[in-house]
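A.B. asks: quick one, structure for this:
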Amino acid sequence: MPKSFETVVVGLPWAGTSTVYAILDVLASVGRDWAMLHGEQMHPSPFRARLCTPDGTAYRDLNGRLITPESVLPNPSQTDLVIVPDLHLDPWKPLPEELKPIADWAAQVHEAGGIVTSVCSGALLLGLSGLLNGVDATTHWAYSERLAKEFEGVRVHRERVLIPAGDGHRIVTAGGASAWADLVLYLIAHLVGCEEARRIAKLYLIEPHSQGQMGFASLSASRQHSDAVVGGLQSWIAVNYEHSNPVQEMARKAGMTERTLLRRFRAATGQTPSDYVQTVRVEEAKQALETSDTPIDEIAGEVGYAEPSAFRTAFKKRVGLSASEYRRKWQAKLNHALGDAI
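C.D. replies: Just a heads-up that it's a prediction; the model follows:
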């Protein structure tokens, strides 16, 4: 086994406890469990992973469980790897002030040569640290708009599951909460070796999210705003998305030109009226694909596309999968779940 890596999983009241302990358990098994199961010599894990908090005291997590850390955050120069787990934060509220000292500490770890990583919404803490300025990054699809808006130097890729970035790839961001597994496999492969990463994947039945995370995304609430006119238009399109010319109709209803509507709608929601309509239509189509056997071309017409080819293009662009692939994926999951329940 190679050198050991002083690894810190950051503990916070907002952190996902299941993610925290899954990471700690998997990293601890490197070099040990595969060898044990195959009658080979076991080795200590090269990851000296600890759960650490700013003051070292126990805290209550989101669900009221008492979590006891192993130590305070160590000296940045003595930390090789930092993992910030998913954080249960309201995307519409200011970030807690308590995150700033931890973000500054993470930046110091990186400056000292360490690797700094995040899972899911933990990318917001990395954004706060300044480490994401000018680099590519990902986060959970529901937090991507917040990350891009609040930290304008970040190039956010909401469709990606894992992005190593920066000098020596010492900044790594992972998408949704379950992408902790993709992150851990990457770190094992990068720091220990691909063979050990394959062993861990087999041990824990981990399958990387190779198709990205957009197949799991849904239309979360658009950027909160106080524009009552735009809000009314959003409510209208929610039930009239199949209209043959919805943008023209929205402009007529608002009593403004389409150019004025575009500026005002984008200022309020971050999307053009046309993009917003396409997003709503695709969301409706996803629901139909998940829950029915209606032919895809028929679904295309029901959600407002006169040409099935236009629907297929729009769907693939926004979801990352074709409509048929998406249907197979989600209906297979449903059938498997039902089969297990019988």
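A.B. asks: what segments of the protein are strands?
C.D. replies: Here the chain has its strands, by DSSP state E, at 5-10, 47-53, 59-60, 66-67, 71-72, 81-84, 115-119, 136-137, 155-156, 162-165, 171-174.
A.B. asks: what's the fourth one packed up against?
C.D. replies: The contact analysis (3 or more Cβ pairs under 8 Å, 6 or more residues apart in numbering; DSSP states H and E) places strand 66-67 against strand 59-60. Using the backbone N, CA and C atoms, a C-beta is placed for each residue, glycine as well.
A.B. asks: wait, what's in contact with the residue most central in space within the chain?
C.D. replies: The chain has residue 140 as the residue nearest its centroid, 2.0 Å off, counting by Cα atoms, centre = their mean. Residues in contact with residue 140 (Cβ atoms under 8 Å, 6 or more residues apart in numbering) are 86, 120-121, 175-177, 213.
A.B. asks: most neighbours of all those residues, which one?
C.D. replies: Taking other Cβ atoms under 10 Å as the neighbour criterion, residue 175 ranks highest of the contacts of residue 140 with 31 neighbours.
A.B. asks: distance of residue 173 relative to residue 241?
C.D. replies: With distances taken as Cβ to Cβ, to the nearest Å, residue 173 is found 33 Å from residue 241.
A.B. asks: so for the two, which residue has more residues nearby?
C.D. replies: Shown here are residue 173 and residue 241; by other Cβ under 10 Å, residue 173 has more neighbours (33 against 21).
A.B. asks: so what pLDDT did the more buried one get?
C.D. replies: Residue 173 carries a pLDDT value of 96.
A.B. asks: bridged to it, which residues?
C.D. replies: residue 118, residue 163 (DSSP bridges).
A.B. asks: that one contacts residue 123, doesn't it?
C.D. replies: Yes. Counting by Cβ atoms under 8 Å, residue 173 touches residue 123, with 4.9 Å between them.
A.B. asks: between the two, what contacts are shared?
C.D. replies: Listed contacts common to residue 173 and residue 123 are 132, 137-139; contacts here mean Cβ under 8 Å, 6+ apart.
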